[in-house]
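K.L.:
Just need the structure, nothing else, for what follows:
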Amino acid sequence: MTTKTVSSSNSPIVESRDQLIAHFAGGEKPADRWRIGTEHEKFVYSVADHHAPSYDEQAGIRALLGELVQHGWKPVEEGGNVIAMSGADGSISLEPAGQFELSGAPLENLHQTCAETGRHLAQVKAAGEKLGIGFLGLGMWPDKARAELPIMPKGRYAIMLRHMPRVGSLGLDMMLRTCTIQVNLDYASEADMAKKFRVGLALQPLATALFANSPFTEGKPNGFLSFRSNIWSDTDPHRTGMLPFVFEDGFGYDRYADYMLDVPMYFVYRDGRYIDAAGLSFRDFLRGELSVLPGEKPTIDDWNDHLSTAFPEVRLKTFLEMRGADGGPWNRICALPALWVGLLYDDAALDAAWDVVKGWTIAERQALRDAVPKLGLAAPIAGGGTLRDIAGPVLDIAHGGLEARARHNGSGDDETGFIEPLYDIVRSGKVPAQRLLDRYHGAWGGDVSNVYAEESF
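P.N.:
Alright, predicted model coming up:
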């Protein structure tokens, strides 16, 4: 989630709705300036007893952040607490229960992306070895109840933790017990954004299936392959989902702005603190009628903050975020951007991907999204068959898109190698969660604690 580093007082005042729409247009870039921004979260645990460290304990999250200074990271404070780090590789931030996130820098190619991931993992592992801390690559805590987990000292999280139970039964699980991999990608124009948004939404269930990696809750199988994905179905209906309007004729910046104006607010950030605005209307804010800041109008920073509080399967800011994947190991952190870059950053691949999904109805898309958390690649698709039937062809499209980009490393390799772990999943027919369940019922003898030895970075 977003970490604030500056006050909104320096940001332009929004006088009209047109400025909100223009904000999206400001993200447009020619293809030679398109970049790849990869975000990935991991669970932090004590090697000694597997507990989730609190912020302030001796070998806790504060200490972990402090260790990263020697690797060139600079602290970002809120209320006197270091709650993030900034550096050449982007930013490191804390999710609500101490999940550790790298929001990577915007990079030109996947070779750079995977190298960045490798640097980050080497740094946190070195810091963790000093503190007796390990890092786990899953989509959901396999053995922790909510009550066992610490809360990080970030103002926006206190507001969200209060609000979540009012609007859904699983929002606290989303905040406290999940990890994801995401990739942020650019667009050239409003039409390009709309086409990428549609392909991204329609194929997001495929990414969810390929990366499904959260089959355990509190030490036992939970009946899902991606419980993390299922959690979003009962988090907050006002700010989640498949956004059917994206597939309507004429979809563009204006329609997405309308959607976001209807998403209830969480907070406003002023003078270094978060003001609780949970459930209030950004439309009222635009009129200067927000009850917690009477007479004030929003800034562009306020709009940016508000955009970060919606959680659909694909999200628009001044770039597009692909949000469907569970957390996992290094090779899948590299594979997720490879999938989406291959599909969305080459025109022929984008057209071919749209051909796969353009005939699906809204109801069929929703049915697929609803089925995937439990069924993975076995989820039925429109027209008959299962998701596995199109998985290979879609990967072939992405592979072709990566070939066409022709971005090579110093050894002459292109980017296609990064997608290979996904081919392995499709060939086997077993998503990562199914492999975990096989071990749970087999070699682990029903003891989920074995996951720490086998799935840690």
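K.L.:
and the gap between the closest residue to Ile83 other than its chain neighbours and Tyr274?
P.N.:
Spatial nearest neighbour of Ile83, excluding adjacent residues (C-beta to C-beta, 6 or more residues apart in numbering): Lys154 at 5.3 Å. Placement of C-beta: from N, CA and C, glycine included. Distance of Lys154 to Tyr274, given as C-beta to C-beta, to the nearest Å: 8 Å.
K.L.:
do Ala433 as well
P.N.:
Taking C-beta to C-beta, one finds Ala433 at 35 Å from Tyr274.
K.L.:
Which residues are in contact with each of Lys154 and Tyr274?
P.N.:
Residues touching both Lys154 and Tyr274 (C-beta atoms under 8 Å, 6 or more residues apart in numbering): there are none.
K.L.:
Correct me if wrong: the residue nearest to Ile83 contacts Leu94.
P.N.:
Yes - counting by C-beta atoms under 8 Å, Lys154 does reach Leu94; the two are 6.7 Å apart.
K.L.:
the more surrounded of these two?
P.N.:
Leu94 (27 against 23; other C-beta atoms under 10 Å).
K.L.:
Which pLDDT value goes with the residue nearest to Ile83?
P.N.:
At Lys154, the predicted lDDT confidence score is 96.
K.L.:
Same check on Tyr269?
P.N.:
96.
K.L.:
part of a helix, is it?
P.N.:
No - counting by DSSP: H, G, I helix; E, B strand; the rest coil, Tyr269 is not part of a helix but strand.
K.L.:
do you know how far it is from Ile231?
P.N.:
In terms of C-beta to C-beta, Tyr269 sits 26 Å off from Ile231.
K.L.:
hang on, the earlier thing: got any residues that touch both of Lys154 and Leu94?
P.N.:
Ile83.
K.L.:
before we move on, the earlier item: neighbour-wise, which of Ala433 and Tyr274 wins?
P.N.:
Counting neighbours by other C-beta under 10 Å for Ala433 and for Tyr274 shows that Ala433 has the greater number, 27 against 21.
K.L.:
tell me which strands and helices the helix or strand that contains that one is in contact with?
P.N.:
Element membership for Ala433, per DSSP states H and E: helix 432-441. The helices and strands touching helix 432-441, judged by 3 or more C-beta pairs under 8 Å, 6 or more residues apart in numbering; DSSP states H and E, are helix 451-455.
K.L.:
Now do the helix it packs on: distance to the chain's middle.
P.N.:
Taking C-alpha atoms, centre = their mean, to the nearest Å, one finds helix 451-455 lying 23 Å from the centre of the chain it belongs to.
K.L.:
again with stretch 115-133
P.N.:
The answer for stretch 115-133 is 21 Å, by C-alpha atoms, centre = their mean.
K.L.:
can you pull the buried residues of it?
P.N.:
Neighbour-count burial for stretch 115-133, counted by 16 or more other C-beta atoms under 10 Å, picks out 116-117, 119-121, 123-124, 127-128, 131, 133.
K.L.:
packing partners for the strand ranked longest in the chain?
P.N.:
In the chain, taking DSSP state E as the definition, the longest strand is strand 36-46. Of the remaining helices and strands, those touching strand 36-46 by 3+ C-beta pairs under 8 Å, 6+ apart are strand 100-103, helix 110-131, strand 133-136, strand 180-185, helix 330-344.
K.L.:
Which one of these lies nearest to Leu307?
P.N.:
Closest to Leu307 of the helices and strands packed on strand 36-46, according to C-beta to C-beta: strand 180-185, at 12.5 Å.
K.L.:
Quickly run through the sheet partners of the closest one, with directions.
P.N.:
strand 36-46 (antiparallel), strand 320-326 (antiparallel) (DSSP bridges).
K.L.:
The longest one: what's the following helix or strand?
P.N.:
Per DSSP H and E, the first helix or strand lying C-terminal to strand 36-46 is helix 61-67.
K.L.:
Contacts for the next helix or strand after that next one, please.
P.N.:
As assigned by DSSP H and E, the chain's next helix or strand after helix 61-67 is strand 74-78. With contacts defined as C-beta under 8 Å, 6+ apart, strand 74-78 is touched by 3-5, 65, 69, 82-87, 91, 153-155, 272.
K.L.:
Could I have the CA atoms of strand 74-78 written out in PDB?
P.N.:
C-alpha atoms of strand 74-78 as PDB (Å, rounded to 0.1, in the frame of the first residue of the first chain):
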ATOM      1  CA  LYS A  74      17.000   6.000   3.500                       C
ATOM      2  CA  PRO A  75      14.400   6.000   6.200                       C
ATOM      3  CA  VAL A  76      10.900   7.500   5.700                       C
ATOM      4  CA  GLU A  77       9.200   8.500   9.000                       C
ATOM      5  CA  GLU A  78       5.700   9.000  10.100                       C
END
